[in-house]
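Participant: this one's structure only:
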């Protein structure tokens with residue numbers, strides 16, 4: 001039965017969030033073929049399929065845990081982690097996965113970043129053979145959720161000053177402290193907890209090490225943080241470590257300093273930049289689609305000079321992000337990417353994605369705040385990725401130190 005239209009309602013809805021226009025003005029990704037193209041297509045298929053469900057979960061602030069094994073079954077957690085037990089994935093393919101998944105849903109993108117980029121990478125880099133043999137498969141398949149517990153309530157940007165303590169307890173360890181904003185930290189899985197060793201005579205006394213903690217361990221209390229306005233379909237946790245006892249093999253033997261945590265963050269920083277590109281792409285495509293459908297003053301928005309100028313500006317910004325990240329992937333594949341180059345990509349891309357999302361929201365007018373049109377959700381989620389994996393200010397200070405040779409962190 002056809003829907004009756006009343007005067008003043010010529011178009012009941014606008015189809016802007018479902019269209020994929022593949023805007024690539026400089027053909028930056030036109031030469032992507034083979035395995036990279038295949039995994040990109042796989043990410044698109046699962047992103048499209050899960051997006052409606054994730055949008056509803058975002059609205060209700062629910063974390064649908066069963067989507068994690070679906071992402072694992074599609075082998076989307078590999079994130080270019082270099083390990084014989086992890087399926088081979090190029091840096092470009094990893095970037096395209098982050099971009100495509102975030103293009104459909106930011107919470108899904110964060111699931112990929114936490115499970116693969118942070119948890120799986122930490123285990124692959126620093127875990128023992130026994131730890132890897134037990135947990136590598138379940139993490140990759142999404143059967144066990146993993147978290148990266150570094151940030152503390154009192155230490156975000158200055159996470160080098162973390163205060164969670166690891167003391168010797170006979171042949172084992174005793175952990176005490178608090179962590180905050182820990183993705184998957186209350187999921188019932190495992191947490192990679194970074195703590196400062198406090199043990200006179202220990203060669204690592206005063207240094208930061210990483211510990212593998214099963215969340216069912218007595219003393220581990222993870223509480224979901226409520227009231228978020230971004231990334232609402234994945235839970236972050238406030239974690240208390242109340243004298244958590246671990247056996248001697250609870251520590252990751254390859255971890256001995258905060259630089260090890262930084263190694264993981266440097267690798268995932270470029271992934272956040274790719275996620276920003278995904279969000280920005282979705283917002284630009286929504287704005288372009290809307291401009292061709294929406295009529296005001298008797299003609300489509302696309303016929304107004306102001307709208308065309310805004311679209312051109314957004315296209316230039318989007319293209320700059322694409323060029324940034326394609327070059328960054330090439331550098332990483334060649335083993336030539338420097339940490340500050342990832343910082344520059346994160347700095348530029350999250351800032352630029354914010355601008356594109358704000359312009360798109362404005363162009364859609366009142367329709368821009370509807371979740372069904374996507375833009376408002378992307379705008380909110382960009383605010384989260386703009387902060388995590390190092391704030392804009394931290395990236396600027398890292399770049400400033402690299403440029404001038406002078407540190408300005410304090």
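Facilitator: Sure, I can see it. Values in this document were obtained by computation on a predicted structure and should not be read as measured data.
Participant: Am I right that residue 359 sits in a strand?
Facilitator: No. Counting by DSSP: H, G, I helix; E, B strand; the rest coil, residue 359 is not found in a strand; it is helix.
Participant: I figured it hits residue 312, correct?
Facilitator: No. Under the criterion of CB atoms under 8 Å, residue 359 makes no contact with residue 312, lying 11.1 Å away. (Each C-beta comes from the backbone N, C-alpha and C, glycine too.)
Participant: quick one: residue 260 and residue 202, what's the gap?
Facilitator: 17 Å (CB to CB, to the nearest Å).
Participant: who has more neighbours, these two?
Facilitator: Set residue 260 next to residue 202 and count neighbours by other CB atoms under 10 Å: residue 260 wins out with 19 against 14.
Participant: nearest spatial neighbour of that one, skipping sequence neighbours?
Facilitator: residue 126 (6.1 Å; CB to CB, 6 or more residues apart in numbering).
Participant: Next: residue 379.
Facilitator: The shortest distance from residue 379 to any non-neighbouring residue, by CB to CB, 6+ apart, is to residue 357 (4.1 Å).
Participant: just checking, that neighbour touches residue 375?
Facilitator: Yes. The criterion here is CB under 8 Å, and residue 357 meets it with residue 375 at 6.6 Å.
Participant: Common neighbours of those two, please.
Facilitator: residue 283 (CB atoms under 8 Å, 6 or more residues apart in numbering).
Participant: hmm, who's touching the worst-scoring helix or strand of the chain on mean pLDDT?
Facilitator: Scoring the helices and strands of the chain by mean pLDDT, DSSP states H and E places strand 295-296 at the bottom, with a mean of 89. Contacts with strand 295-296, where a contact means CB under 8 Å, 6+ apart, come from 10, 11, 301.
Participant: For PyMOL, write the selection for the buried entries among these.
Facilitator: Applied in PyMOL, the following selects the buried portion of those according to 16 or more other CB atoms under 10 Å:
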select buried, resi 301
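Participant: Need the contacts of strand 295-296 in TSV (columns: pLDDT, secondary structure and distance to residue 248).
Facilitator: TSV is the format used below for the contacts of strand 295-296 (pLDDT from 0 to 100; DSSP: H, G, I helix; E, B strand; the rest coil; distance: CB to CB, whole Å):
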residue	pLDDT	secondary structure	distance to residue 248
10	81	coil	71
11	81	coil	67
301	95	helix	65
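Participant: Of the contacts of strand 295-296, which is the nearest to residue 90?
Facilitator: Taking CB to CB as the measure, residue 90 lies nearest residue 301 of these, at 39.6 Å.
Participant: Might you report the residue contacts of that closest one?
Facilitator: Counting by CB under 8 Å, 6+ apart, residue 301 has contacts 290, 291, 292, 294, 295, 307, 363.
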